[in-house]
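Chemist: show me the folded form of this:
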Amino acid sequence: MELKGKKIGVAFTGSFCTYKRVFTELENLVQEGAIVQTIFSDASQTIDSRFGKAEDFVKEAERMTGNPPMRTIAQAEPIGLGSLLDLLVILPCTGNTIAKLANGITDTPVLMAAKAHLRNEKPLLLSISTNDALGMNMKNIGLLLNAKHVYFVPFGQDNAQKKPNSMIAHTELLIPAAKAALEGKQYQPVIQ
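Modeler: Residues are numbered from 1 along each chain as shown. From the prediction side, this is the model:
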């Protein structure tokens with residue numbers, strides 16, 4: 001499965017510490033020839049952090065993809081009706097987004113994009129980054145692992161000694177995980 005010409009949405013949520021790796025993978029998708037549409041959650045487009053300014057990330061995404069990001073629920077909703085994407089990746093996917101997605105809450109542009117995309121029974125790929133994956137959010141991850149059309153970039157503990165409940169996706173596996181999801185398969189092993 002090639003990604004050239006595939007319409008791929010990349011939805012950003014607020015795990016700002018992962019953005020350096022996230023933007024590397026965004027560039028890799030573009031280099032693979034994918035047509036990339038970014039979507040920014042409310043937090044990702046408004047919160048400045050020690051990792052950078054929100055507006056700088058939005059501008060960089062537009063520069064890399066050549067497409068203006070979707071920044072509102074109203075902009076993301078047509079993803080479903082127009083069947084605009086072949087694949088949607090939430091990269092990074094925070095614990096907050098995981099919990100809301102697992103429980104059917106649609107209150108950000110990213111969650112609307114996911115809901116709209118899934119209505120077309122197309123693959124949703126999650127690249128998790130959460131400090132409570134092995135805590136309160138494990139039940140939500142479990143629900144999503146069993147959900148139709150939902151796939152995961154392989155993930156594992158990122159600092160078992162200092163943050164024993166934290167897990168993060170191996171973003172360097174995004175491309176093979178995306179190719180597998182487009183074929184309706186989960187890239188294995190899920191937990192590494």
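
Chemist: any idea how many residues pack against the nearest residue to Asn28 once chain neighbours are set aside?
Modeler: Once flanking residues are discounted, Asn28 sits nearest to Ile175: 6.0 Å by CB to CB, 6 or more residues apart in numbering. Placement of C-beta: from N, CA and C, glycine included. Counted with other CB atoms under 10 Å, the neighbours of Ile175 add up to 18.

Chemist: now for Ile175: which residues touch it?
Modeler: Listed by CB atoms under 8 Å, 6 or more residues apart in numbering, the contact partners of Ile175 are 3, 25, 28-29, 32.

Chemist: where does the chain dip in pLDDT?
Modeler: Along the chain, no part satisfies pLDDT under 70.

Chemist: ok, the residue sitting furthest away from the middle of the chain to Gly135 distance?
Modeler: Centroid-distance maximum for the chain: Gln161 at 26.3 Å, with CA atoms, centre = their mean. Applying CB to CB, to the nearest Å, the value for Gln161 to Gly135 is 16 Å.

Chemist: the residue nearest the centre of the chain and Ser44: what is the separation?
Modeler: Closest residue to the average C-alpha location of the chain: Ile90 at 1.0 Å, with CA atoms, centre = their mean. Separation of Ile90 from Ser44 (CB to CB): 11 Å.

Chemist: mind listing the shared neighbours of those two?
Modeler: With CB under 8 Å, 6+ apart, Ile90 and Ser44 have common neighbours 13, 110.

Chemist: can you spell out which helices and strands pack onto the helix or strand containing Leu111?
Modeler: Assigned by DSSP states H and E, Leu111 belongs to helix 109-118. Under the contact definition 3 or more CB pairs under 8 Å, 6 or more residues apart in numbering; DSSP states H and E, helix 109-118 sits against strand 7-12, strand 35-40, helix 73-76, helix 78-81, strand 87-93, helix 95-102, strand 124-130.

Chemist: what's the closest of these to Glu183?
Modeler: Minimum separation from Glu183 across the helices and strands packed on helix 109-118 (CB to CB) falls at strand 87-93, 10.6 Å.

Chemist: which elements pack onto the closest one?
Modeler: strand 7-12, helix 19-31, helix 95-102, helix 109-118, strand 124-130, strand 167-169, helix 174-182.

Chemist: buried sites along stretch 38-55?
Modeler: For stretch 38-55, the neighbour count (16 or more other CB atoms under 10 Å) marks 38-45, 54 as buried.

Chemist: nearest to Ile141, of the residues you listed?
Modeler: Ser41 (18.6 Å).

Chemist: for that closest one, what are its contacts?
Modeler: Contacts of Ser41 (CB under 8 Å, 6+ apart): 11-14, 97, 108-111.

Chemist: now the buried residues of stretch 38-55 as TSV including distance to Leu144?
Modeler: Formatted as TSV, the buried residues of stretch 38-55 follow (distance: CB to CB, whole Å):
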residue	distance to Leu144
Thr38	22
Ile39	18
Phe40	21
Ser41	17
Asp42	21
Ala43	20
Ser44	20
Gln45	24
Ala54	26
